[in-house]
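*Asks:* give me the fold of what follows.
(one chain, ligands or ions: 1)
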Amino acid sequence: MTWIRLGFQTLLCCLLLLFAPEVFGRTNARRTANEASLYSDADNVIMLDIGSLRPVLNLKTNKLVQFLNTFCGDCQRFAPVYKGLARDLYKWRRLLRFYAVDCAQERNAELCRVFSVRQTPSLRFFDPDTEKRQKFLGSVIPTQDPKLITAVLADLLGQYEYAADVANFRYLTPNDTAETVFRDHQGLDSPVKYIALVLQPRKAHIGRDLLLDLLPFKEVAVRIVPDAQIFANFGLVPTKESLAIIDRSGNAQYLEPASNTSQDYANTVGEFLKKLNFKPDPPLPIAVATNDNEFLDQRNQAVLAEVLKPPLKIYRADLEQAIDKILHNELHKYFFFQGGNDLALHNVMKALMYLNPLNKDGRELVTRVYRSTQRRLDKGSEFKQLIESEEKHLKVFKAKRYIGCIGTRPLLRSFTCSLWTLFHHWTVEAAKKPHHFQPGNILNTIHGFVRYFFGCSDCSKHFQEMANRRNMSQVKTSDEEILWLWEAHNEVNQRIAGDPITEDPQFPKIQFPSVENCPTCRNNNSEWRRDEVLKYLKHLYDIKNVSFYGLPTSQGYD
Ligand SMILES: Cc1cc2nc3c(=O)[nH]c(=O)nc-3n(C[C@H](O)[C@H](O)[C@H](O)COP(=O)(O)OP(=O)(O)OC[C@H]3O[C@@H](n4cnc5c(N)ncnc54)[C@H](O)[C@@H]3O)c2cc1C
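*Replies:* All right, here's what the predicted structure looks like:
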């Protein structure tokens, strides 16, 4: 516990908003149809977006907000933990509400930039007085361990003042009596019939924890007694007892918990109340499981059947989706382009400019934006405005659905799959004449994007570590570049193969390519034949072989 408190005190940091006027400026970002979400109200987690976050932060209660990217494996793996936490702490709902914001939604990209969301999942705590500090970006809770989060939250909740009839963590004073403590609950509609008095030596938490544990009982309030002598004010002879209860008439009695834990104290008070027929508020109802089969509607089933038909293909719809998300969500995450992300931005735009699989309008858009990024572009918001103004009269992103990257359940595959597809496509196209890029440049571009802009923090960390370990900077030829990315991707496949949360059973993680897709890629000892793998990748990811299936017309839209 000491560690939690120290760690919490040192790590918990309050972030300040630097440029307030931008907050929640534009709310007309496109809303995706059938938007999949990691949480629902039934989990006691409410999804917020650019329109609803600020009003919620202004509420006079505590708020825990998780900033996440739905496509990030870490966020998907954290979802059951967060749901469990929100379910367990539903009993604290008089003081604390749970929320989440999906930074992967285009309409929230600006919001997440303004809240400096550099890492997901990111837990931010907002106290009841947030409305007074519009520039406050929340206190970061730097752990994903539910026990630690609960401890940090208990600490935080105990620090604030609430309306007297909601909760009172302040110590009783030597002047307090039965009359003064019931004054807080005088309203005609106040349900409070008893007040539990709990002795809490300075620096202990038993009173605070008891107050939190008893929140589901609206008939009882808890007051913390710092000195056993104060029990005398309530007609009790101070003894070794630490827990007492008084009623509205001033009748007081000690209760005898089995041990000195808040849990036993809560059980004892709970039993006392239950004998009087007072029941705690019921826990959160069990959520009805969603039917993921509905996700695979007729259209998705047709797509899936097509995609699973051999041979394996690459689809322009996926490349388009990757670029759409890169331009509209990922690249304007930073307030400022400086200190490395500026070069990374320039490199990504250059790769898009010369290795562009989009239609005529798409090439036009990227060319215009690339030219502008060659001039000085200081802020993420400027990049966003640039994209918006340049694409106004262009018809670029039409597919709006993943094809080769379709998942059989909501949130599986999609963006990260399309990103890998684009990256492999880039390495293969860069190896062709007229060689716009020096060998290694494309890997460097991918590395810069993943380091600075990719919304999956865990992926980014692993990729950077892999780039060092696998000597990415030593790549000397374009062919080596293609193979470096292939091997790196296979390392990721191996690491996360079989993950029940992120793996799509229809698309298991394999050492790619499979024997079926490339029978010549392995020798008789099942070892790779790198020359054959190279040939296979060059064929698969070549723009000439990219399928238009799934785009609005069978000929594409050039
Ligand atoms: C740079 C990066 C790093 C990532 N790191 C992590 C991580 O650390 N942890 C995590 O949980 N998730 C990570 N992800 C996400 C993860 O790799 C998958 O993208 C995600 O799980 C979806 O998997 P998928 O089945 O769609 O196939 P993906 O792995 O996304 O692959 C997409 C398609 O590429 C083809 N392919 C597969 N392997 C290769 C290969 N070796 N060479 C060429 N083509 C191939 C296949 O056709 C496959 O369907 C990362 C993603 C990226 C882009």
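
*Asks:* grab the most central residue of this protein for me.
*Replies:* Centroid-nearest residue in the chain: residue 68, 1.6 Å away (criterion: Cα atoms, centre = their mean).

*Asks:* which stretches of the stretch 451-558 of the chain form helices?
*Replies:* 457-469, 478-496, 530-540 (DSSP state H, counting those that start in this stretch).

*Asks:* now the angle between helix 530-540 and the second one, please.
*Replies:* In this structure, helix 478-496 runs at an angle of 90 degrees to helix 530-540, with axes from the mean of the first three to the mean of the last three Cα atoms, to 10 degrees as the basis.

*Asks:* could you shift the numbering so residue one becomes 4, and keep it that way?
*Replies:* I'll keep to 4 as the first residue from here, and by that count the last item is helix 481-499.

*Asks:* so helix 481-499, near the ligand or not?
*Replies:* Yes - Helix 481-499 reaches the ligand (Cβ under 6 Å from any ligand atom) through 489, 492, 493, 495, 496, 499. From N, CA and C alone the C-beta is placed, and that goes for glycine too.

*Asks:* can you list contacts of that helix?
*Replies:* Helix 481-499 is contacted by residues 76, 423, 426-427, 430-431, 433-434, 438, 442-443, 445-446, 449, 462, 465-466, 469-470, 473, 475, 478, 505-506, 512-515, 533, 536-537, 540-541 when judged by Cβ atoms under 8 Å, 6 or more residues apart in numbering.

*Asks:* I'd like the average pLDDT over that helix.
*Replies:* For helix 481-499, the mean per-residue pLDDT is 98.

*Asks:* buried residues of it, list them for me.
*Replies:* Using 16 or more other Cβ atoms under 10 Å as the test for burial, helix 481-499 gives 481-489, 491, 493-496, 499.

*Asks:* what does the stretch 204-353 of the chain put close to the ligand?
*Replies:* Checking the stretch 204-353 of the chain against the ligand by Cβ under 6 Å from any ligand atom, the hits are residue 315.

*Asks:* recalculate using a threshold of 8 Å.
*Replies:* Within the stretch 204-353 of the chain, the positions lying close to the ligand (Cβ under 8 Å from any ligand atom) are 315, 317.

*Asks:* and the helices in the stretch 204-353 of the chain?
*Replies:* 209-216, 265-278, 301-311, 319-328, 344-357.

*Asks:* let's have these in a markdown table, adding mean pLDDT.
*Replies:* Output for the helices of the stretch 204-353 of the chain, formatted as a markdown table (pLDDT from 0 to 100):
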| stretch | mean pLDDT |
| --- | --- |
| helix 209-216 | 97 |
| helix 265-278 | 96 |
| helix 301-311 | 94 |
| helix 319-328 | 96 |
| helix 344-357 | 95 |
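
*Asks:* where do the strands sit along the protein?
*Replies:* All strands of the chain, identified by DSSP state E, fall at 17-19, 49-51, 65-71, 99-105, 125-129, 139-144, 197-202, 223-228, 246-250, 255-257.

*Asks:* if we can go back for a sec, number of residues surrounding the closest residue to the residue nearest to the centre of the chain other than its chain neighbours?
*Replies:* Using Cβ to Cβ, 6 or more residues apart in numbering and skipping the chain neighbours, the partner closest in space to residue 71 is residue 78 (4.1 Å). For residue 78, the neighbour count with other Cβ atoms under 10 Å is 27.

*Asks:* low pLDDT regions in this structure?
*Replies:* 4-37, 556-561 (pLDDT under 70).

*Asks:* contacts only, for the closest residue in space to residue 321 that isn't next to it in sequence.
*Replies:* With Cβ to Cβ, 6+ apart as the measure, residue 421 is the residue that lies nearest to residue 321, at 4.3 Å, once sequence neighbours are left out. By Cβ under 8 Å, 6+ apart, the contact list for residue 421 reads 321, 322, 324, 325, 328, 405, 408.
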